[in-house]
Each structure stands twice: as structure tokens, then as C-alpha cells.
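Visitor: show me the folded form of this:
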Amino acid sequence: MLIGTSVIAQNSDNLAWRNKACAVALTYDDGLNVHLDQVVPALDSLGLKGTFYIPGNSSVLFQRMSGWKAIAANGHELGNHTLYHPCAGNRPGREWVNPDHDLSDYSVNQIVDEIRVANTLLKAVDGKDARTIAYTCGDTAAGDQSFTERIKDDFISARGVYSRFNKVENTNIWNVGAFMVSGQSGDELIELVKKAQEQKAFLVFLFHGVGGEHSINVSLEAHSQLLHYLKDHEKDIWVAPFIEITSYISDKQVSR
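Guide: Next up, the predicted model:
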């Protein structure tokens with residue numbers, strides 16, 4: 001009986017990610033030119049799809065709206081990254097936060113209103129109702145009050161910034177863990193994927209600049225090396241937009 005139980009558990013693990021060892025979402029923050037110029041062509045060349053979290057006040061969204069429309073029509077996800085990208089300025093190392101967009105001075109109503117306006121803007125771009133959000137700077141509170149409960153009817157799920165591997169049974173879809181990418185080599189990024197494969201987990205990459213345009217950056221070479229590893233191992237790795245994988249997790253959690 002013990003052997004039978006072990007086999008059942010092992011088979012259950014193997015089936016967790018649509019018969020693949022793990023799941024990977026490639027997410028890109030802040031709506032940069034490099035995302036359209038470098039990232040999307042690299043993804044498309046390998047048949048991979050990414051998730052792009054775009055603040056409503058992004059100049060690149062305004063200047064290149066047709067480009068964002070085109071990538072959404074081609075299967076990439078456009079996600080909510082608020083209207084003005086506010087962050088809590090009362091935390092250590094946050095001296096750079098614009099006082100006009102200091103989330104520690106916002107009310108819950110204010111951030112919820114801005115998030116919903118950003119949703120309206122994104123729907124005008126891609127025509128979609130279902131959406132996910134990435135918390136700016138990982139912050140989930142306005143002042144000292146959480147706003148997560150207030151936005152649950154507006155989104156499928158939310159991405160955080162804490163580095164963790166996510167399992168179907170214990171993922172908090174309202175603060176999904178993600179690994180920030182800043183200066184790692186291709187080998188280091190691939191090592192994270194290998195760990196996700198070993199742990200039968202969901203791995204979220206959090207990119208900003210790719211080959212430049214942001215202080216949080218990774219080289220084009222490292223990014224390309226990661227993408228090619230994912231493509232070369234697609235029989236074992238489910239690569240999909242964040243919304244697709246988290247919707248799958250939600251369905252699995254409900255059915256348990």
C-alpha cells in the first residue's frame with residue numbers, strides 16, 4: 001500500500017503542470033522600448049509568450065500603442081501595473097519615490113480608483129476584460145491598509161516580488177512569488193529553471209531592462225540563453241503568460 005501511495009503521489013506531481021515538470025512565466029515590468037524592440041522578437045522567434053506589466057503613464061505605451069496592440073493580438077499578455085506606478089516612500093532605500101506618487105500617503109480608495117482606470121486604459125488597447133496585476137515595488141498597502149481585498153473582483157491574480165517557487169497547493173494567487181532578474185548570467189537563470197523542474201514548481205521571472213533602458217537590467221545574451229533553454233526543454237517545461245498559469249492554479253485549488 002505504501003508503494004502504491006508513493007506512485008500515486010509521484011504521478012500527481014508529474015500531472016501538476018499539464019504533464020510537464022514545471023511551469024514558467026516570463027514577466028516584464030514598466031512598459032519599455034526594449035520590450036517591443038528586443039524581448040518580443042526574441043520570444044516570437046521561439047514561439048514563447050510573455051507578460052508585460054505596463055503603467056498607465058508609460059511614455060512608451062503612449063508613443064507606441066499600435067505595437068502593444070499588435071503583441072496582445074499575437075498572444076502576449078498586457079498586465080496592470082497601476083496608473084502612476086506609486087511605491088511606498090517610507091521604506092528604507094525608497095528616497096527616489098516621487099512625493100506625488102508616494103503610496104504611503106495614498107488612501108485605499110485612491111489606489112483602487114487608479115488601478116481601475118489603468119484597467120480601462122489597457123482594455124482600450126487589447127480589448128480584454130480578464131487581467132492580472134503586478135504590485136508596484138511589491139507594495140500591497142496604501143498608507144497602512146491593504147488594498148488587496150478591494151481589487152479581487154477586478155483581476156484573476158496578482159504578482160508579487162518575493163523570491164519563491166510556487167506549488168499548486170500552496171500558491172497565494174494574490175501575491176505570487178517572483179524572482180527579480182538583475183545582472184544574473186544565463187547560467188544562473190537556467191539554474192533557477194532546473195530547480196523549478198526538480199521541485200515540480202511554478203517559477204516566475206521578473207524582468208525590467210533587457211539589454212538596457214532600466215537600472216534593473218539583464219544582458220541580451222543572458223536573456224537569450226534562458227529562452228533557448230526553455231525552448232530546448234519545452235517537453236518538460238510549460239511556458240505561458242502569467243494569467244494562463246495562475247488561472248490553471250486557481251482551477252486546481254478549487255477542485256481539490
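Visitor: rest of the way, CA atoms for contacts and neighbours
Guide: Fine.
Visitor: low pLDDT regions in this protein?
Guide: Low-confidence segments of the chain, defined by pLDDT under 70: 1-15, 256.
Visitor: please, where are all the helices along it?
Guide: 2-15, 33-34, 40-46, 59-63, 65-73, 108-126, 148-151, 186-199, 220-232, 242-255 (DSSP state H).
Visitor: from G211, how far off is S45?
Guide: 17 Å (C-alpha to C-alpha, to the nearest Å).
Visitor: H81 reaches T132, doesn't it?
Guide: No - H81 is beyond contact range of T132, at 9.0 Å (criterion: C-alpha atoms under 8 Å).
Visitor: verify the stated contact: I249 with N170.
Guide: No - using C-alpha under 8 Å, I249 makes no contact with N170, being 9.7 Å away.
Visitor: who's more crowded, these two?
Guide: Higher neighbour count among I249 and N170: I249, with 24 against 9, using other C-alpha atoms under 10 Å.
Visitor: mind listing what the more buried one touches?
Guide: Residues near I249 by C-alpha atoms under 8 Å, 6 or more residues apart in numbering: V168, T171, I173.
Visitor: now those in CSV, with distance to L122 and neighbour count?
Guide: CSV is the format used below for the contacts of I249 (distance: C-alpha to C-alpha, whole Å; neighbours: other C-alpha atoms under 10 Å):
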residue, distance to L122, neighbour count
V168, 28, 21
T171, 26, 19
I173, 21, 18
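Visitor: tell me which of those residues is nearest to G89?
Guide: I173 (25.6 Å; C-alpha to C-alpha).
Visitor: leaving out sequence neighbours, find the closest residue to that closest one.
Guide: Nearest residue to I173, sequence neighbours excluded (C-alpha to C-alpha, 6 or more residues apart in numbering): S157, at 5.2 Å.
Visitor: quick one, what contacts that neighbour?
Guide: Per C-alpha under 8 Å, 6+ apart, neighbours of S157: R131, T132, I133, I173, W174, N175, V176, I243, T246, S247.
Visitor: what number of residues lie near E149?
Guide: When neighbours are counted by other C-alpha under 10 Å, E149 registers 9.
Visitor: gap between A134 and A142?
Guide: Distance, A134 to A142, using C-alpha to C-alpha: 15 Å.
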